[in-house]
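# predicted coordinates and the sequence they were generated for:
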Amino acid sequence: MDDLRLTSLNLPGINENKRPLVIAGPCSAETEEQVMTTARQLAEKGFKIFRAGVWKPRTKPGGFEGMGEAALPWLQRVKEETGMLVSTEVAMPKHVEASLKAGVDLLWVGARTTANPFAMQELADSLKGVDIPVLVKNPVNPDIELWIGALERINGAGITRLGAIHRGFSSIDQKIYRNAPMWHIPIELHRRFPNLPVICDPSHIGGRRDLIAPLCQQAMDMGFSGLIVESHCNPDCAWSDAKQQVMPDVLDFILDRLVIRENVEMT
Ligand code: PEP
Ligand code: MN
């Protein structure tokens, strides 16, 4: 029997009964102004958890690899000025150390890191004795055992506020989606770990702005525990993932129109 020792993520939802747990913010922290403008607009709409990538693992060299530690004070400022919780991606122990020092409230592991057991073990070791929620994205390739192994490593380090993020899977075929959803994989993860929250990332599944709304609705219909969505104050000018980011008021509009049924079991 598969087992993980889990406790509640204990994170705030927005408009508690009306909306699911939502994490929103830009793909990357680019400048202090971009971070603060986006965060203020999200906070005004009632969003409670901010995301921004500080270290960006890129598939190929030459892309924007994130501002690194220089961006952490901006996340601190988001916390202080808006009261939102802040989250970022970690791929190495030094990212964990710097994030914890800066007061980051939630960490996620990116799809390229989940695929690497050595990196996962080092990350897990750096989280020993820390009480922080950690969300683990599925690996880029459709390998559920690698996803579970990554979750087990983090859990083995004593992290019980644990969740999974479904961000779709890389595929060479022509397709609508940037990353094929292969919904049966997160459903199988839920079957094996019924108490593990599984959050949907429509931004990296869809790769396109117009797919965010239908993917959010699909995730809710399927009983996902929440959403992590990329939102940018000026999406067309974003330094990474420009095509899939939506403005904060657009995200608010989308979420307002979601039909949320109660007690949907993930099947
Ligand atoms: C991201 O969240 O911006 C990101 C890089 O995602 P992924 O690891 O899913 O590609
Ligand atoms: Mn992104």
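Now that the structure is in, tell me what you want to look at. Ligands and ions are numbered 1, 2, ... in the order given.

# just the mean pLDDT for the helix or strand harbouring Pro186, thanks.
Take DSSP states H and E as the rule and Pro186 turns out to sit in helix 184-192. Helix 184-192 shows a mean pLDDT of 98 in the predicted model.

# that helix: how far from the chain's middle?
For helix 184-192, the distance from its own C-alpha centre to the chain's C-alpha centre is 18 Å (CA atoms, centre = their mean, to the nearest Å).

# can you list the buried residues in that helix?
Across helix 184-192, burial judged by 16 or more other CB atoms under 10 Å covers Ile185, Pro186, Ile187, Leu189, His190. Bear in mind the C-beta positions are built from the backbone N, C-alpha and C, glycine included.

# up against ligand 1, what does this structure have?
Cys27, Gly53, Glu89, Gly110, Ala111, Arg112, Lys137, Arg167, His204 (CB under 6 Å from any ligand atom).

# roughly how far out does stretch 65-72 sit from the chain middle?
18 Å.

# do that stretch and ligand 2 meet at all?
No. Judged by CB under 5 Å from the ion, stretch 65-72 stays clear of ligand 2, getting no closer than 10.7 Å.

# give me the distance between the two termini of that stretch.
Distance across stretch 65-72, first residue to last, is 15 Å (CA to CA, to the nearest Å).

# ok, which stretches of the stretch 101-250 of the chain are strands?
Secondary structure of the stretch 101-250 of the chain, counting by DSSP state E, counting those that start in this stretch: strands at 106-109, 134-137, 162-166, 198-200, 226-230.

# in this protein, what residue comes closest to ligand 1?
Gly110 (3.1 Å; CB to the nearest ligand atom).

# so who does the residue nearest to the spatial centre of the chain touch?
Geometric centre of the chain, nearest residue: Ile228, 4.8 Å, by CA atoms, centre = their mean. By CB atoms under 8 Å, 6 or more residues apart in numbering, the residues touching Ile228 are Val22, Ile23, Ala24, Arg51, Trp108, Leu135, Ile165, Ile199, Cys200, Asp201, Ser203.

# okay, the residue of the chain closest to ligand 1 and Gly66: tell me how far apart.
Distance, Gly110 to Gly66, using CB to CB, to the nearest Å: 11 Å.

# one more: Tyr177?
Counting by CB to CB, the gap from Tyr177 to Gly66 is 25 Å.

# ditto for Gly46
Taking CB to CB as the measure, Gly46 falls 28 Å from Gly66.

# re earlier: give the other helices and strands that the helix holding Pro186 contacts.
Of the remaining helices and strands, those touching helix 184-192 by 3 or more CB pairs under 8 Å, 6 or more residues apart in numbering; DSSP states H and E are helix 144-156, strand 162-166, strand 198-200.

# any idea how far the second one is from the chain center?
Pointing back at strand 162-166 there. Distance, stretch centre to chain centre, for strand 162-166: 8 Å (CA atoms, centre = their mean).

# show me the contacts for whatever residue of the stretch 101-250 of the chain ends up closest to ligand 2.
Residue nearest to ligand 2 within the stretch 101-250 of the chain (CB to the ion): Asp241, separated by 3.8 Å. Contacts of Asp241 were listed using CB under 8 Å, 6+ apart, and they are Cys27, Ser28, Ser203, His204, Gly207, Glu230.

# all good on my end, thank you.
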